[in-house]
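**Student:** structure, please.
(one chain, ligands or ions: 1)
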Amino acid sequence: MKRLRLVVLVSGRGTNLRSLLDASSAGEMLADVALVLSNRPDAPALALATERGVEARAIPSAGLAREAHEALLCDAIDAHASDYIVLAGYMRIFTPAFIRRYAHRILNIHPALLPAFPGLDAQAQAHAGGVRIAGCTVHFVTEDVDAGPILMQAAVALPVLATPEMVRERILEAEHRIYPASIHLLATGRARLEAGRVVYRDVAAPSPTVLVSPEVEP
Ligand code: GRF
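**Tutor:** This next block holds a predicted model:
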């Protein structure tokens, strides 16, 4: 089995990037981060990558047409012969041409149990909606925003008095668990995309079977 090569795209703080780097060096994810790209030069995620000895580059999007910015991204991505483009808090929407160029090779993590709460600030949407179970989704990126084939999901039970901050934290903890795990599934051939759906083999049964919130005491 060969280790996958990843290009990770970021715009912000980079806690998901950290979870990928940690899982890679701990041997829990059969993949290496070959390059980190950010559209924002001040993204803390870039500094984190450099600290960890990973090549990191800012390709600022400000002032550029979407196509011109993507052309620069493509040059950098193609120079690294990567297997997957991994979006980790990358705050831009791609053109259909970009998505077609890397068809079936772009992954994203969304902080909600899709198809619930697509779009911006999913955690605030979940909090405002009063959900008792929240979660996150790793999916393939298609031209429909936050709607590509689902690879992995994790659910978290929320306390009844959860603050928006608590909702964010609980979901983030789950994100850090399933992003590296999803990539490991792909790397080990236990998940693959087939006719627009993810098919699996040799995966363990999910646990716990039923998540209830709030719990009701007798
Ligand atoms: C995460 O909540 C992720 O789900 C969303 O953007 C956030 C990125 O956080 N797409 P970080 O930069 O990885 O800490």
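**Student:** pull out the buried positions in the helix or strand harbouring residue 8.
**Tutor:** If you go by DSSP states H and E, residue 8 is part of strand 4-10. Residues of strand 4-10 classed as buried by neighbour count (16 or more other CB atoms under 10 Å): 4, 6, 7, 8, 9, 10. Any C-beta I mention is one placed from the backbone N, CA and C, and that applies to glycine too.
**Student:** quick one: which of these is nearest the ligand?
**Tutor:** Proximity of the buried residues of strand 4-10 to the ligand (CB to the nearest ligand atom) peaks at residue 10, which lies at 6.1 Å.
**Student:** what sits against that closest one?
**Tutor:** If a contact means CB atoms under 8 Å, 6 or more residues apart in numbering, then residue 10 has 17, 36, 37, 38, 43, 45, 46, 88, 89, 90 as its contacts.
**Student:** filter those by proximity to the ligand?
**Tutor:** Contacts with the ligand within these, counted by CB under 6 Å from any ligand atom: 45, 88, 89.
**Student:** same list (these) but as JSON lines, adding neighbour count and pLDDT.
**Tutor:** Converted to JSON lines, these look like this (neighbours: other CB atoms under 10 Å; pLDDT from 0 to 100):
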{"residue": "45", "neighbour count": "26", "pLDDT": "98"}
{"residue": "88", "neighbour count": "26", "pLDDT": "98"}
{"residue": "89", "neighbour count": "21", "pLDDT": "97"}
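**Student:** and which of those residues is nearest to the ligand?
**Tutor:** Among the ones next to the ligand among the contacts of residue 10, and counting by CB to the nearest ligand atom, the member closest to the ligand is residue 89, at 2.7 Å.
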